[in-house]
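Q: dropping a prediction and its sequence here:
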Amino acid sequence: QVQLVESGGGLVQAGGSLRLSCAGSGRIFSSYNMGWFRQTPGKEREIVAAMAWSGGRTYYADFVKGRFTISRDSPKNTVYLQMNSLEPEDTAVYYCAADSSGYGLGHNADDYDYWGQGTQVTVSS
């Protein structure tokens, strides 16, 4: 079993930055693909960024390219999402997720089987 705990969310002005952290515990997830998703009320959960277990491959949604960076520190069982140039449209609950399947880097919520509780990010204009 893998437990994921996000932190680092909060209120920030447009143009500002936040760094989200996702700390994993339980089984070692250094072999799991990791992803960050976000969700707003009434909308489906959407992928923000993902990183393969090896760290060699990443995926970014078009709306965050050049602004957000996903990284991982496997010895610390932690994944990060550095968010720069934040926009009010980035306001959402952000979730960390782990994919233990060993298949390709997933872009959909259904590809991931472990989830954190979420952290609120609010960007004011």
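A: Thanks, I have the structure now. Every value quoted in this text rests on a predicted model; they were computed, and no experiment measured them. Residues are numbered from 1 along each chain as shown.
Q: only C-alpha atoms from now on, for both contacts and neighbour counts.
A: Fine.
Q: please, which helix or strand holds residue 59?
A: Assigned by DSSP states H and E, residue 59 belongs to strand 58-60.
Q: mind listing the strands that strand pairs with, and their directions?
A: Here strand 58-60 has these sheet partners by DSSP bridges: strand 46-51 (antiparallel).
Q: got the buried residues for the next helix or strand after the strand holding residue 59?
A: Following strand 58-60 in sequence order, the next helix or strand is strand 68-73 (DSSP H and E). Buried residues in strand 68-73, counted by 16 or more other C-alpha atoms under 10 Å: 68-72.
Q: and if you look at stretch 74-94?
A: If you call a residue buried by 16+ other C-alpha under 10 Å, then stretch 74-94 has these buried ones: 74, 77-81, 83-84, 86-87, 90-94.
Q: ok, stretch 102-117 next?
A: Across stretch 102-117, burial judged by 16+ other C-alpha under 10 Å covers 105-107, 109, 111-112, 115-116.
Q: closest to residue 25 among those residues?
A: Lowest distance from residue 25 to these (C-alpha to C-alpha) belongs to residue 116, with 11.1 Å.
Q: which strand or helix spans the nearest residue to that closest one once chain neighbours are set aside?
A: Nearest non-adjacent residue to residue 116, counting by C-alpha to C-alpha, 6 or more residues apart in numbering: residue 4, 4.6 Å away. Assigned by DSSP H and E, residue 4 belongs to strand 2-7.
Q: partner strands of that strand and their direction?
A: Checking strand 2-7 against DSSP bridges gives partners strand 18-26 (antiparallel).
Q: angle of the strand it pairs with against strand 68-73?
A: 30 degrees (axes from the mean of the first three to the mean of the last three C-alpha atoms, to 10 degrees).
Q: mind exporting strand 18-26 as PDB, just the C-alpha atoms?
A: Only the C-alpha atoms of strand 18-26 are listed here, as PDB (Å, rounded to 0.1, in the frame of the first residue of the first chain):
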ATOM      1  CA  LEU A  18       4.200  27.800  -5.500                       C
ATOM      2  CA  ARG A  19       6.000  24.500  -5.000                       C
ATOM      3  CA  LEU A  20       3.800  21.500  -4.300                       C
ATOM      4  CA  SER A  21       5.300  18.500  -2.600                       C
ATOM      5  CA  CYS A  22       4.000  14.900  -2.500                       C
ATOM      6  CA  ALA A  23       5.500  12.700   0.200                       C
ATOM      7  CA  GLY A  24       5.000   8.900  -0.200                       C
ATOM      8  CA  SER A  25       5.100   6.300   2.400                       C
ATOM      9  CA  GLY A  26       4.500   2.600   2.500                       C
END
